[in-house]
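In: Take a look and give me a structure for this.
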Amino acid sequence: MSRMLSPEPLLSAMADCGLLYCVLRGHESFPDVAHDVDIVLDPANLIAFEELVEEFSVAAGLRRLPIVEHWGCRQYRFVDADLTGSVGMQVDVHLHGESWRGIDYVARSVILATRVPFGSYYVASPVVELYTRLLTALLAGGAVRRKHWERIRELCASERLDALAGFRGMFGNRLGCELIRHIENDSPEQVDALAGSLRRGLLLGAIARRPLSAARGVAAFVRYEMNVVARRTGVFVCLIGPDGSGKTSLANEIASRLWWVFGREVRYFHGRPPICARMESSIPDGGGLVIRTRHHVPDSGLVRWGASFGRLVKSLVLYGLGYLCTVLPSVHREVLVLGDRYYYEYYMNPSVMQYYGPQGWVDTFARGVPCPDVVLLMCGDAHEIATRKNELSTEETERQLLMQDHLVELLGSERCCMVDGTRGVDLAASIACGAILARLVGEEGHGLDRRTGV
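Out: Got it, this is the predicted structure:
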């Protein structure tokens, strides 16, 4: 799992340089950091902040990943210089205030004007902290984060008058008073039930007070959402190898190291990506191979060849639809997608796919199937891999390992990375994460030269 670094030195340097900023949340547990730190920054200080970030990353020996822009927010992500994913840091910079669908419920000017010193940097005032802890998740997802509930009640008790005035201004008199009452009565479920009403109240209140400003904000948010499809901020990774080569263990280790890089979201599928259903959010335990017949391509006649050709046509359609419906939207939403075998099961286990035609047909149809961004080819000693699981013989394991050379020729060495899963999951994960992060930053030379044991 990645060790998250504290951005305290960066925050202190920002204060020393006179930058106008405020830490919204994430500073409570310093120097321990669960995931990221959110700050509000005056846009006039953005250039100076960029220069400071560059100096900080060099001094700390970190590598900055490409900036990911969300609505009103820029994510600055850092990993170790070797791109192994063992350490990381993320700072989310909000150039506007706290908003929902383009409508600010806490303006940037208010956040910066009411900030208070906290050690060597600045943090949000108690009432602003209350707003962000309570409303960020409530407006976006419809549920208050339970880990924040005690702190919310504490802030509400100490800042009751300011909180009441603020909630009444945002949502109207009735909803504001009802929200305060449920917090004081220790009823988080009742607060959750108000989520829909609060969203409507915020929208109607903004339209009533500042109709032109609200319309511009909503229009800008809609344009942003429409432009999301033009950005590819995630990565589609395919793991290929015999049973027992360590694909599942490697997938779990990759997810534990890189989950924070990809918006805290990792998705997994085995074989064909789903078309209508969602991909798995957790990686299941590795299972044994279901053997339907022997693992070589028999001379089965025209009927078998015709059926095999039909299966390839069907697979081309289904794999293409699965990619378009689930994989592609995910990688455009900053998600790491891990696929086990994917279409390339036709090369590893043709009989499992009930295919008995020539390999040339599989090659031809493979060119029509969308390619992964990174292909991790699991290699190692055939005898050791075969002893891990008894579904495959040593000879069949050797055949599957040799087939990987053909996949390198088919897919291109620039997207393939050979990983020896028999030499330890930590080493294998470092190599795999290096290939994934190199793809993310657009760096060449992290394909077959970053491999273990070959």
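In: what comes up buried for the helix or strand hosting Arg399?
Out: Per DSSP states H and E, Arg399 falls inside helix 394-411. Across helix 394-411, burial judged by 16 or more other Cβ atoms under 10 Å covers Glu396, Thr397, Glu398, Arg399, Gln400, Leu401, Met403, Gln404, Leu407, Val408, Leu410, Leu411. Any C-beta I mention is one placed from the backbone N, CA and C, and that applies to glycine too.
In: from the middle of its chain, how far away would the helix or strand just after it be?
Out: Next helix or strand after helix 394-411 toward the C-terminus (DSSP H and E): strand 416-420. Computed by Cα atoms, centre = their mean, to the nearest Å, the chain-centroid distance of strand 416-420 equals 22 Å.
In: What average pLDDT does strand 416-420 get?
Out: Taken as a whole, strand 416-420 has a mean pLDDT of 92.
In: Direction included, what does that strand pair up with?
Out: Using DSSP bridges, the strands paired with strand 416-420 in its sheet are strand 374-379 (parallel).
In: angle of the strand it pairs with against helix 394-411?
Out: 150 degrees (axes from the mean of the first three to the mean of the last three Cα atoms, to 10 degrees).
In: Give me the distance from the helix ranked longest in the chain to the chain's centre.
Out: For the chain, the helix with the greatest residue count under DSSP state H is helix 301-322. Averaging C-alpha positions (Cα atoms, centre = their mean) puts helix 301-322 33 Å from its chain's average.
In: how about that helix: buried residues?
Out: Here helix 301-322 shows Arg304, Trp305, Ser308, Arg311, Leu312, Ser315, Leu316, Tyr319, Gly320, Gly322 as buried, counting by 16+ other Cβ under 10 Å.
In: by contact count, what packs against that helix?
Out: helix 359-366 (3 or more Cβ pairs under 8 Å, 6 or more residues apart in numbering; DSSP states H and E).
In: So what angle separates the directions of the helix it packs on and helix 394-411?
Out: Using the same axes, to 10 degrees: helix 359-366 against helix 394-411 is 50 degrees.
In: What lies in contact with stretch 203-214?
Out: Arg101, Gly102, Ile103, Gly169, Met170, Phe171, Gly172, Ala215, Gly217 (Cβ atoms under 8 Å, 6 or more residues apart in numbering).
In: Go ahead and list the helix or strand containing the fourth one.
Out: Mapping Gly169 onto the secondary structure by DSSP H and E places it in helix 160-171.
In: following that helix, which helix or strand comes up?
Out: Counting by DSSP H and E, what follows helix 160-171 is helix 173-184.
In: That following helix to helix 160-171, inter-axis angle?
Out: Using the same axes, to 10 degrees: helix 173-184 against helix 160-171 is 130 degrees.
In: circling back: can you list the buried residues of helix 301-322 in a markdown table and add distance to Val144 and pLDDT?
Out: Shown next, in a markdown table, are the buried residues of helix 301-322 (distance: Cβ to Cβ, whole Å; pLDDT from 0 to 100):
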| residue | distance to Val144 | pLDDT |
| --- | --- | --- |
| Arg304 | 59 | 81 |
| Trp305 | 60 | 84 |
| Ser308 | 55 | 90 |
| Arg311 | 50 | 92 |
| Leu312 | 51 | 94 |
| Ser315 | 45 | 94 |
| Leu316 | 46 | 94 |
| Tyr319 | 41 | 95 |
| Gly320 | 41 | 94 |
| Gly322 | 36 | 94 |
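In: one step back: so which elements touch the helix holding Gly169?
Out: helix 126-141, helix 173-184, helix 195-209.
In: next structured bit after the last one?
Out: Sequence order places helix 211-227 as the next helix or strand after helix 195-209, per DSSP H and E.
In: I would like the residues contacting the helix or strand following that following helix, please.
Out: Scanning forward in sequence from helix 211-227 by DSSP H and E, the next helix or strand is strand 235-240. Strand 235-240 is touched from outside by 247, 250-251, 254, 262, 327, 331, 336-342, 344, 347-348, 372-378, 404, 407, 432, 436, 439-440, with contacts defined as Cβ under 8 Å, 6+ apart.
In: Among those residues, which lie within strands?
Out: Leu336, Val337, Leu338, Gly339, Asp340, Val374, Val375, Leu376, Leu377, Met378 (DSSP state E).
In: Using neighbour counts, give me the buried entries of the residues you listed.
Out: Members of the ones in strands among the contacts of strand 235-240 classed as buried by 16+ other Cβ under 10 Å are Leu336, Val337, Leu338, Gly339, Asp340, Val374, Val375, Leu376, Leu377, Met378.
In: Excluding covalently adjacent residues, which one is nearest to the fourth one?
Out: To tie it back to what came earlier, the one meant is Gly339. Using Cβ to Cβ, 6 or more residues apart in numbering and skipping the chain neighbours, the partner closest in space to Gly339 is Cys238 (4.7 Å).
In: So in terms of bridging, what pairs with the one you found?
Out: In beta-bridge terms (that is, DSSP bridges), Cys238 pairs with Gly339, Val375.
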